[in-house]
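1. Sequence below, structure please.
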Amino acid sequence: AQPFVPSPLGPPNNCILEPADGVHKSTHELQQQYEQYQRESQRQQTLQPQRSMDNMDIDGHPALPAPPALTEDEMSNSRQLLQEFLHKHTTYELLPESGRVTVLDFDLPVQHAFYARFQQSIHVAPICDNGTSEFVGMVNPGDFVRILYDLQRGMKNEALSQAEVESHTLRKWRKREQENGSTPRPFASVGPESSLQQAGKIMLEENLDELPILARDHDPDEKYLVHMARISEILASLSYHFRHIVSSLPVLAQPLGALNIGWWIPGQKKTDKELKVLQIGSSLSSALEILTSGLQPAVPIVDSNGIV
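-> Numbers count the residues shown, from 1 in each chain. Modelled structure (predicted):
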């Protein structure tokens, strides 16, 4: 191997190859060479034309040119390809080789359900009534926020004691919701043989991020939970399937701003979904109010300059 000596300049992983005759430059000569290299680099940068910030992305890199607008035929073909894929493939393909599912008992105290969700990293959990062995509903982070908000108001108005809050079960919470005029959302699920199109349609119609996949064992009247299907898993299946033929789906090349999705700051895009943000000093109750209203699933926290 060719001999080398460590460089006195730069990080330790830099090295300078030593000539075959064993004569290498002194530290002073290396320093002069390095300064000359810096001067030449600065000179080359000044000779390059300055790039406009209008053609840069958020990281300062050159922005990609905007793709052309979709034609009616391109949109129709993209929609047809997506529908064919979602119709032919089933939710069985979303089942992991091994996994863990969590079901909450209808008579479980809300406090324990909250801890279980936190400790098990559960996003959405079905609720089962052990008395009837039937699934009666689901709880998601928004439900827990509404429960906390409701219990906070109950304690503030002295309608609930601390002991009642600690023993408040999911069944009591459902009953309390009904007494306040709220209609419980019907329990929705699919089977392993259901198509991805059916699962996605239910998620969109019921505004669900996750959907239970229930299977039958020996007893046809009993079902058990095998997996919680997620929107992200369906999108990942689409991405994996079309990864080598992206050109056949020109809709995927469109920028987010060209699609009628998401929440936007007023004036940025014509949409019915107005993005609400909070300042760093905003109260927690303000965030709870936005989250419980169902207007948006998350609230960005920004500083005085509007930066998240």
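2. Could you list the low-pLDDT ranges of the stretch 1-150 of the chain?
-> The model of the stretch 1-150 of the chain has pLDDT under 70 over residues 1-31, 33-34, 37-38, 41-68.
3. Near Val251, how many other residues are there?
-> Residues lying near Val251 (other CB atoms under 10 Å) number 16. Backbone N, C-alpha and C define where each C-beta goes, glycine included.
4. all numbers from here: first residue = 29
-> With the count now opening at 29, the last piece we talked about shows up as Val279.
5. ok, now which ones touch the nearest residue to Leu253 once chain neighbours are set aside?
-> Nearest residue to Leu253, sequence neighbours excluded (CB to CB, 6 or more residues apart in numbering): Val129, at 4.8 Å. Residues near Val129 by CB atoms under 8 Å, 6 or more residues apart in numbering: 253-256.
6. let's see 10 Å
-> By CB atoms under 10 Å, 6 or more residues apart in numbering, the residues touching Val129 are 150, 153-154, 240-241, 252-256.
7. same question, Ser217
-> Counted by CB under 10 Å, 6+ apart, Ser217 has contacts 154, 163, 166, 227, 230, 239-242, 251, 253, 257.
8. mind checking how far the residue nearest the centre of the chain is from Lys304?
-> Residue closest to the average C-alpha location in the chain (CA atoms, centre = their mean): Ser260, at 7.8 Å. From Ser260 across to Lys304, the span is 24 Å (CB to CB, to the nearest Å).
9. mind listing what's buried in stretch 246-263?
-> Across stretch 246-263, burial judged by 16 or more other CB atoms under 10 Å covers 251, 253-258, 261-262.
10. Kindly apply the preceding question to stretch 121-141 instead.
-> For stretch 121-141, a neighbour-count test (16+ other CB under 10 Å) marks 122-123, 132, 134, 136-138, 141 as buried.
11. Do a quick rundown of the helices in the stretch 79-228 of the chain.
-> For the stretch 79-228 of the chain, helices defined by DSSP state H, counting those that start in this stretch occupy the ranges 100-116, 138-147, 169-184, 190-194, 198-207, 224-234.
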